[in-house]
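S.K.: output the structure for:
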Amino acid sequence: MSNNNYNKKYFEDRDHLDFHLALSIKILAKNINCNKILDVGCGTGRLVKFLSQKGFDAQGCDAQAEAVKVARINNDSIVIRKASATSLPYKAESFDLITSISTIEHLTTRDAKKFIKEAKRVLKPNGYIFIITPNFSSPFRYLRGKNWFAYKDPTHINFFTPKSIKLLLTNCGYKQINFRHKSAYNVRFDWYLPSALRKLPMPIKNLLNYLMISSPFSTFRDSLWVSAQK
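M.R.: Coordinates of the predicted model:
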C-alpha cells in the first residue's frame, strides 16, 4: 500500500487511545512482571505515553514519518524511532513485552511472519507479545458485510482468524497463546457494541465487557486480542 495513504489526516483521525485497552495492557504487563515495553506500529504514540506515565520503560517505533513526527511530540523524542516492523533496530533480548495494536493487518503475509520473528528476536527469554488485529471470523463481519469496520481502512491488506494467527505464532516458536485477558472493571467501554446496546445499564455492559475480553467468547468479538510467550 502506498505511503500516500498514511498521510497527516490518517494519523490525526487515529490520534487517540482507548482507555480500557490501555488499562488491560497495564494489567497484563503487571501480571508478567514486565518493565521494558516496545510498541511496534506505535502510531501517534498515545500508548507509549500512557505506559510511561504508569512507570514502565516504554518505547515505540513506526514505519510512517507522519506518525513518528506526532509520536515524538507526544513523548520524549528519544523513545520513538522510525522503523519497520520487519526490521526492528533493537538489540536481541531487549524487551519484556512487545505490543502491536492494529499493525499486522497492514503487512503482507510474508512481512507479518518477518515481524513475528523480529519480535521474538528482541524479546527477552520468556517475554510476551500482545497483538490486536481485526477478527476475520467475527460474526459481525458476516452481519455487516461490506460495512464491516475493518474494510473501511484501505490500508488493511491482511486479515486473521484465531486459528490463522495462532498457527503463525506457533510456527514462529511462541507458546502460551491466549485470546482471553483480564480487563479493568467499571470502565466505560462500549464502542464495539451496537448502538442499541450502548444504552444498557453499566452492570450489564460490564458483563458484556467480561464476556468479550475475558471469557471464551473473546474470539467472537470484532478484534482479536492475542498474547503469546517467547
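S.K.: how about the residue most central in space within the chain, what does it touch?
M.R.: Closest residue to the average C-alpha location of the chain: residue 101 at 2.0 Å, with CA atoms, centre = their mean. Listed by CB atoms under 8 Å, 6 or more residues apart in numbering, the contact partners of residue 101 are 21, 39, 41, 43, 47, 131, 132. In this view, the C-beta of every residue, glycine as well, is placed from N, C-alpha and C.
S.K.: so which of those is the most crowded?
M.R.: Greatest neighbour count in the contacts of residue 101, by other CB atoms under 10 Å, goes to residue 39: 30 neighbours.
S.K.: what's the local residue count around residue 149?
M.R.: Neighbours around residue 149, by other CB under 10 Å: 15.
S.K.: surely it meets residue 135?
M.R.: No: if you go by CB atoms under 8 Å, residue 149 and residue 135 don't touch, sitting 10.5 Å apart.
S.K.: shared neighbours, these two?
M.R.: residue 222.
S.K.: the strands in this structure, which residues?
M.R.: 36-40, 57-62, 80-82, 95-101, 123-134, 175-178, 223-229 (DSSP state E).
S.K.: Throw those strands into CSV and include mean pLDDT and distance to residue 26, thanks.
M.R.: Below are those laid out as CSV (pLDDT from 0 to 100; distance: least, CB to CB, whole Å):
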stretch, mean pLDDT, distance to residue 26
strand 36-40, 98, 10
strand 57-62, 97, 11
strand 80-82, 97, 20
strand 95-101, 98, 11
strand 123-134, 97, 11
strand 175-178, 96, 17
strand 223-229, 95, 14
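S.K.: having no further points to raise, I will conclude here.
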